[in-house]
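Visitor: following is a predicted model, sequence given first.
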Amino acid sequence: MQIHPNIKKPTILFHINRTSLFALARCFLGAICVTIATFKIEAERLRGCLKQFSDGLCLLTLAVRTKPQKNESNIMENVNRIVAEGIAALNEAPDFQALELVKARYMGKTGELNALLKQLGQMPPEERKTVGAHINECKNRFQTAYNEKRDTLNAAQLQARLAAEALDVTLPGRGQVSGGLHPVTLTLQRVVELFHGMGFDVADGPEIEDDFHNFQALNIPQNHPARAMQDTFYVENGDVLRTHTSPIQIRYMLDKKNPPIRIIAPGRVYRVDSDATHSPMFHQAEGLWVEEGVTFADLKAVFTDFIRRFFERDDLQVRFRPSFFPFTEPSAEIDIMGDNGKWLEVGGCGMVHPNVLNNVNIDPEKYTGFAFGIGLDRFAMLRYGVNDLRLFFDNDLNFLKQFNK
């Protein structure tokens, strides 16, 4: 090795002969061959490793594919087992409370079937659909079993109620409740019926009367106490609410003109009076008989027969006590003997005053007549044993319906 004088850095120069060059080439080729052989060996080894890796990967893929199928089968079995247990528990439930507890255990938010549905998210999509459909089908089966058991319990409960509340069809049915007539109306009908049987006609008239029919024609003078405001209800134009049913007699005699006249005139009348035995509105019935030869004896006979028939007592004592009325002369009060041994006033009567006959154009020299008046409310009280007149008009159904029999 020589160092050229013109080169600053040393350069080593090799002098190689041909023999050395061939030897070096053989060594290099030998190394290459060895390297190639080594590469072949490593390639074969790598090929074997790759094959083993490929086989392992296939096994892994197969394992991954077969594992969900095993989980799917397990879930199906669990669903079937849970539903079978749930249906059995439903069938054994003794009442509604136990039935609802079973439903909550299997179908509630935290129930066993809903818990299985939550596991669907961990499964592949193609298997999730199959398992989900099966779970829903099982839930429907459970719901059907629940409905059937609930209907069975309802039917059993209904049968128990029917047995406990059984109707005895052998008892007579309750008929339709119907109303009835007022006791005063019943009394009025009884009075009219009795007098009709004695040949009396029924007459009626207006409840608002003028001064002539209510006062003047009945021989009631201007200064009579009955005309006072404290006894009479006045309306417009001097008219009044009739204070008695006597105006009906006046109207009837004016229309009929010629006797014989035989009437009974029931109706409502009005006076300023109100207590346990009097009312501002009450009911009267007045009788009138005008004919030739009628006497006070006829009056006594007719009224005594009537009063005994009304109270259905042939031994009833009746007396006629002298009194005064402006439209009759002579006049009398009628009393009957009560069960307590005391006399009780029930009406007024008398022979028709000649002035009254003149006012209706009937000749008092040719015709005579008698008239009487009774309070229908008082008669109703006596007939039914009621001691307070106001009970008849308080509209108490418990009181009134006892007269419907």
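Guide: Perfect, I can see it now. Please read these numbers as outputs of a predicted model, since none were measured by experiment.
Visitor: quick one: the helices in the stretch 101-250 of the chain?
Guide: Assigned by DSSP state H, counting those that start in this stretch, the stretch 101-250 of the chain shows helices spanning 112-118, 125-164, 183-197, 211-214, 246-256.
Visitor: of these, which is nearest Ala301?
Guide: Distance to Ala301, taken as CB to CB, is lowest for helix 183-197 among those, at 13.5 Å. Where you see a C-beta, it was placed from the backbone N, CA and C, and this is true even at glycine.
Visitor: same question for the closest one: list its buried residues.
Guide: Under the neighbour-count criterion of 16 or more other CB atoms under 10 Å, helix 183-197 has 183-184, 186-188, 190-192, 194-195 buried.
Visitor: in terms of secondary structure, what does that helix contact?
Guide: Using 3 or more CB pairs under 8 Å, 6 or more residues apart in numbering; DSSP states H and E, the elements in contact with helix 183-197 are strand 261-270, strand 281-291, helix 296-311, helix 376-384.
Visitor: direction included, what does the helix or strand Val346 falls within pair against?
Guide: Using DSSP states H and E, Val346 sits within strand 343-352. Partner strands and pairing direction for strand 343-352 (DSSP bridges) are strand 328-337 (antiparallel), strand 368-375 (antiparallel).
Visitor: what angle sits between the longest one and helix 246-256?
Guide: With axes from the mean of the first three to the mean of the last three CA atoms, to 10 degrees defining the directions, strand 328-337 sits at 130 degrees from helix 246-256.
Visitor: change the start of the numbering to 407 and stick with it
Guide: Done: numbering now begins at 407, and the last item shifts to strand 734-743.
Visitor: and the contacts of strand 734-743?
Guide: With CB atoms under 8 Å, 6 or more residues apart in numbering as the test, strand 734-743 has contacts from 702, 709, 713, 717, 722-731, 749-760, 776-778, 780.
Visitor: give me that answer again for 6 Å
Guide: 722-731, 749-757, 759, 777 (CB atoms under 6 Å, 6 or more residues apart in numbering).
Visitor: for the shortest one, same thing?
Guide: With contacts defined as CB under 6 Å, 6+ apart, strand 774-781 is touched by 690-696, 700, 705, 709, 734, 753-755, 757-758.
Visitor: and the residues you listed, which two are furthest apart?
Guide: Comparing every pair within those by CB to CB identifies Gln690 and Val700 as the most remote, at 21.6 Å.
Visitor: with distance to Gln628, mean pLDDT and mean neighbour count added, can I get the helices and strands packed on helix 589-603 in JSON lines?
Guide: As requested, those are exported to JSON lines (distance: least, CB to CB, whole Å; pLDDT from 0 to 100; neighbours: other CB atoms under 10 Å):
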{"stretch": "strand 667-676", "distance to Gln628": "20", "mean pLDDT": "94", "mean neighbour count": "21"}
{"stretch": "strand 687-697", "distance to Gln628": "23", "mean pLDDT": "93", "mean neighbour count": "22"}
{"stretch": "helix 702-717", "distance to Gln628": "29", "mean pLDDT": "96", "mean neighbour count": "17"}
{"stretch": "helix 782-790", "distance to Gln628": "30", "mean pLDDT": "92", "mean neighbour count": "20"}
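Visitor: of all these, which one is nearest Pro631?
Guide: Of all the helices and strands packed on helix 589-603, strand 667-676 comes closest under CB to CB, at 16.2 Å.
Visitor: how far does the closest one sit from its chain's centre?
Guide: Going by CA atoms, centre = their mean, to the nearest Å, the spacing between the C-alpha centre of strand 667-676 and its chain's C-alpha centre is 47 Å.
Visitor: cool, and stretch 539-546?
Guide: The answer for stretch 539-546 is 45 Å, by CA atoms, centre = their mean.
Visitor: now it: mean pLDDT?
Guide: Across stretch 539-546, pLDDT averages out at 85.
Visitor: give me the contact list for it.
Guide: 482, 485, 489, 519, 522-523.
Visitor: re the thing from before, looking at the contacts of strand 774-781, which is nearest Asn801?
Guide: Ranked by distance to Asn801 (CB to CB), the contacts of strand 774-781 are led by Gln690 at 21.7 Å.
Visitor: before we move on, back to that, reformat the buried residues of helix 589-603 as a markdown table; add distance to Gln622.
Guide: Shown next, in a markdown table, are the buried residues of helix 589-603 (distance: CB to CB, whole Å):
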| residue | distance to Gln622 |
| --- | --- |
| Pro589 | 35 |
| Val590 | 30 |
| Leu592 | 35 |
| Thr593 | 31 |
| Leu594 | 28 |
| Arg596 | 33 |
| Val597 | 28 |
| Val598 | 28 |
| Leu600 | 32 |
| Phe601 | 27 |
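Visitor: can you put the residues you listed in JSON lines and add distance to Val537 and pLDDT?
Guide: Putting these into JSON lines (distance: CB to CB, whole Å; pLDDT from 0 to 100) gives the following:
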{"residue": "Pro589", "distance to Val537": "86", "pLDDT": "92"}
{"residue": "Val590", "distance to Val537": "89", "pLDDT": "93"}
{"residue": "Leu592", "distance to Val537": "87", "pLDDT": "93"}
{"residue": "Thr593", "distance to Val537": "92", "pLDDT": "94"}
{"residue": "Leu594", "distance to Val537": "92", "pLDDT": "95"}
{"residue": "Arg596", "distance to Val537": "93", "pLDDT": "95"}
{"residue": "Val597", "distance to Val537": "97", "pLDDT": "96"}
{"residue": "Val598", "distance to Val537": "96", "pLDDT": "96"}
{"residue": "Leu600", "distance to Val537": "99", "pLDDT": "96"}
{"residue": "Phe601", "distance to Val537": "101", "pLDDT": "96"}
